[in-house]
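Participant: structural data only, the sequence is not supplied:
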């Protein structure tokens, strides 16, 4: 496995993205958020509304496990 950034999850709610990032970072998993949103315009249509959560490929399995555990509760 490489140390490249890979997409863990795509969401459309900035608050959800921040909550997932906080959860993972509290467990030591670094997260980068990428969004296609443009400035002050609240556009949530198609790819313009996507918010991608990226993690290092080496931490992908652990991040998926953490998210699955939380969603299962």
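Facilitator: Looks like it came in fine. What you see is a predicted model, and the numbers here were worked out from it, not measured in a lab.

Participant: okay, which residue is most central for the chain?
Facilitator: The centroid of the chain falls nearest to residue 53 when counting by C-alpha atoms, centre = their mean (2.1 Å).

Participant: in its sheet, what does the strand or helix carrying that one sit against?
Facilitator: Here residue 53 sits within strand 51-56, counting by DSSP states H and E. Take DSSP bridges as the rule and strand 51-56 pairs in its sheet with strand 5-11 (antiparallel), strand 32-35 (antiparallel).

Participant: out of these, which gets nearest to residue 67?
Facilitator: Evaluated over the strands paired with strand 51-56, closeness to residue 67 peaks at strand 5-11, with 6.9 Å, by C-beta to C-beta. C-beta coordinates here come from the backbone N, C-alpha and C atoms, glycine included.

Participant: give me the neighbour count for residue 35.
Facilitator: 14 (other C-beta atoms under 10 Å).

Participant: who's it bridged to?
Facilitator: Beta-bridge partners for residue 35, by DSSP bridges, are residue 51.

Participant: quick one: the helices in this protein?
Facilitator: 14-26, 60-71 (DSSP state H).

Participant: could you dump the ones you listed to a markdown table with distance to residue 33?
Facilitator: Formatted as a markdown table, the helices of the chain follow (distance: least, C-beta to C-beta, whole Å):
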| stretch | distance to residue 33 |
| --- | --- |
| helix 14-26 | 5 |
| helix 60-71 | 13 |
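
Participant: out of those, which comes closest to residue 7?
Facilitator: Nearest of those to residue 7, taken as C-beta to C-beta: helix 60-71 at 9.2 Å.

Participant: what comes up buried for that closest one?
Facilitator: 60, 63, 66, 67 (16 or more other C-beta atoms under 10 Å).
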